[in-house]
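K.L.:
show me how the following folds:
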Amino acid sequence: MTNVEDAKVKRDSNICTYLIENDAAFAGDIAFETLVAKIKADYALTVIAVSEDAEDNTGYSAEKTIAKIDAATLGSEYCASSQVKLDSLGNLSISQSLNSAITFYTTPSDIVATCRLQNAHDIMNTNLTLITPDYLKPAQLATFQTKINKFTSIRGTTSIVNNATPVKTKALSDAIKTGATNVLNIQKLAKKYIVTNPTFYNELQRNCKIPPIAVRHTTVIVTITNAANATPIEGVSGTLSKTRELGVGSPEGIVIYQNVSAGAAISTYAHAGFITGVQNIKIKRGKINNYTFALKAGTMTTELEAELTAQINAFKTAVAARKASKAAKAKASKEAKAAKLGIN
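P.N.:
Coordinates of the predicted model:
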């Protein structure tokens with residue numbers, strides 16, 4: 001269920017609750033009572049549809065994307081290693097049948113990505129006797145298959161996660177449309193109470209409004225590697241200014257933030273034995289935002305800590321300045337419009 005749909009369902013819930021608690025206000029009004037009975041019955045169906053939609057959307061989350069990236073990362077690594085061995089043996093045709101680019105597996109649709117991942121696995125498995133033992137071991141290939149299976153077994157699709165528009169069940173869609181029609185009808189019938197019971201009328205109108213819609217979630221995925229050898233770093237601690245989530249690097253060096261607002265942000269990455277890194281990033285709404293960062297080995301000194309603090313403070317100052325400028329422009333525009341209306 002999208003955030004817009006969630007807000008509409010909350011509106012329908014608010015209307016039902018208000019009408020039930022204030023049934024004395026329209027007692028004896030047959031037309032009104034009939035519509036209220038319909039609203040109650042329709043909302044009961046909406047509750048069921050929401051439950052079914054939630055079940056239908058199991059897996060429509062960043063979990064599917066995470067599994068895809070995990071499988072792609074490992075597949076890319078093993079393909080690259082296998083190509084080195086195959087090239088040294090002169091088996092160029094087999095080597096060229098493998099692709100070591102992560103994006104070759106993460107960019108296409110899930111169906112295509114699954115085929116590519118499985119095909120890469122099967123090629124390496126068929127030629128394992130040539131590649132093993134120094135470049136690829138059977139146990140590693142088994143782990144790769146496990147990751148492929150995990151990715152394919154999670155319900156949903158990563159494209160739906162990327163667009164932040166989960167597939168809806170038809171029942172929920174129909175229920176929300178019915179709820180919208182009911183809102184319009186109850187507002188029309190309630191006009192008779194504008195004079196006779198303005199308190200009831202005004203409160204009903206307030207409950208007919210859709211609650212504020214939360215910003216769609218945006219996912220940020222950062223892959224952290226060692227600057228010296230490009231290998232992933234496990235256990236990196238990450239912070240991101242656009243969310244309160246605390247990121248922790250996976251064994252593949254992936255740090256994930258699942259609920260981030262869009263716009264300019266600053267992120268820090270810290271790990272024992274490495275110099276804490278800072279990255280300014282631009283987050284796009286409703287998409288999977290992928291970034292990479294390489295940490296340099298070293299020790300955080302007092303001077304480096306001061307530089308880190310200065311970078312973060314500079315970012316905060318810049319953000320505050322942009323907000324102040326935007327607010328000033330909005331205020332000036334509002335005042336200009338007011339002045340124009342006053343003249344006219």
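K.L.:
okay, CA-based contacts and neighbour counts for the rest of this
P.N.:
Will do.
K.L.:
now the strands for the chain?
P.N.:
Secondary structure of the chain by DSSP state E: the strands cover 219-226, 237-240, 247-248, 254-257, 263-270, 277-283, 288-295.
K.L.:
what's the spacing between the last one and its chain's center?
P.N.:
Looking back up the chat, that one is strand 288-295. With C-alpha atoms, centre = their mean, to the nearest Å as the basis, strand 288-295 stands 16 Å off its chain's centre.
K.L.:
so that strand versus strand 277-283, what angle?
P.N.:
Strand 288-295 runs at 160 degrees relative to strand 277-283, counting by axes from the mean of the first three to the mean of the last three C-alpha atoms, to 10 degrees.
K.L.:
pLDDT on strand 288-295, on average?
P.N.:
Strand 288-295 carries an average pLDDT of 88.
K.L.:
and for that strand, what's in contact with it?
P.N.:
Contact with strand 288-295 is made by 161-162, 218-227, 230, 269, 274-277, 279, 283, as judged by C-alpha atoms under 8 Å, 6 or more residues apart in numbering.
K.L.:
before we move on, back to that, just name the most buried of the strands of the chain.
P.N.:
strand 254-257 (a mean of 24; mean count of other C-alpha atoms under 10 Å).
K.L.:
if we can go back for a sec, which one of the strands of the chain lies closest to residue 23?
P.N.:
Of all the strands of the chain, strand 219-226 sits nearest to residue 23, with 44.7 Å by C-alpha to C-alpha.
K.L.:
show me where the chain has its helices.
P.N.:
3-21, 30-56, 62-89, 92-96, 103-106, 110-126, 128-131, 138-153, 158-163, 170-189, 193-196, 198-207, 302-343 (DSSP state H).
K.L.:
as JSON lines, those with mean pLDDT, distance to residue 247 and mean neighbour count would be great.
P.N.:
Listed next are those as JSON lines, based on pLDDT from 0 to 100; distance: least, C-alpha to C-alpha, whole Å; neighbours: other C-alpha atoms under 10 Å:
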{"stretch": "helix 3-21", "mean pLDDT": "88", "distance to residue 247": "24", "mean neighbour count": "18"}
{"stretch": "helix 30-56", "mean pLDDT": "84", "distance to residue 247": "26", "mean neighbour count": "16"}
{"stretch": "helix 62-89", "mean pLDDT": "89", "distance to residue 247": "14", "mean neighbour count": "21"}
{"stretch": "helix 92-96", "mean pLDDT": "92", "distance to residue 247": "37", "mean neighbour count": "14"}
{"stretch": "helix 103-106", "mean pLDDT": "87", "distance to residue 247": "21", "mean neighbour count": "18"}
{"stretch": "helix 110-126", "mean pLDDT": "91", "distance to residue 247": "26", "mean neighbour count": "18"}
{"stretch": "helix 128-131", "mean pLDDT": "93", "distance to residue 247": "36", "mean neighbour count": "16"}
{"stretch": "helix 138-153", "mean pLDDT": "91", "distance to residue 247": "21", "mean neighbour count": "16"}
{"stretch": "helix 158-163", "mean pLDDT": "52", "distance to residue 247": "19", "mean neighbour count": "20"}
{"stretch": "helix 170-189", "mean pLDDT": "90", "distance to residue 247": "34", "mean neighbour count": "16"}
{"stretch": "helix 193-196", "mean pLDDT": "94", "distance to residue 247": "53", "mean neighbour count": "12"}
{"stretch": "helix 198-207", "mean pLDDT": "94", "distance to residue 247": "39", "mean neighbour count": "16"}
{"stretch": "helix 302-343", "mean pLDDT": "84", "distance to residue 247": "18", "mean neighbour count": "12"}
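K.L.:
dump those to CSV, plus distance to residue 287.
P.N.:
Formatted as CSV, the helices of the chain follow (distance: least, C-alpha to C-alpha, whole Å):
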stretch, distance to residue 287
helix 3-21, 15
helix 30-56, 21
helix 62-89, 11
helix 92-96, 32
helix 103-106, 14
helix 110-126, 16
helix 128-131, 38
helix 138-153, 19
helix 158-163, 5
helix 170-189, 23
helix 193-196, 46
helix 198-207, 32
helix 302-343, 22
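K.L.:
need the strands of the chain in a markdown table (columns: distance to residue 309).
P.N.:
Shown next, in a markdown table, are the strands of the chain (distance: least, C-alpha to C-alpha, whole Å):
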| stretch | distance to residue 309 |
| --- | --- |
| strand 219-226 | 21 |
| strand 237-240 | 14 |
| strand 247-248 | 19 |
| strand 254-257 | 22 |
| strand 263-270 | 11 |
| strand 277-283 | 10 |
| strand 288-295 | 17 |
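K.L.:
least reliable of the ones you listed going by mean pLDDT?
P.N.:
Among the strands of the chain, strand 247-248 carries the lowest mean pLDDT (a mean of 82).
K.L.:
counting by contacts, list what that strand packs against.
P.N.:
strand 237-240, strand 254-257 (3 or more C-alpha pairs under 8 Å, 6 or more residues apart in numbering; DSSP states H and E).
K.L.:
enumerate every residue touching the nearest residue to residue 270 once chain neighbours are set aside.
P.N.:
Once flanking residues are discounted, residue 270 sits nearest to residue 276: 4.6 Å by C-alpha to C-alpha, 6 or more residues apart in numbering. Neighbouring residues of residue 276 by C-alpha under 8 Å, 6+ apart: 268-270, 295, 300, 308.
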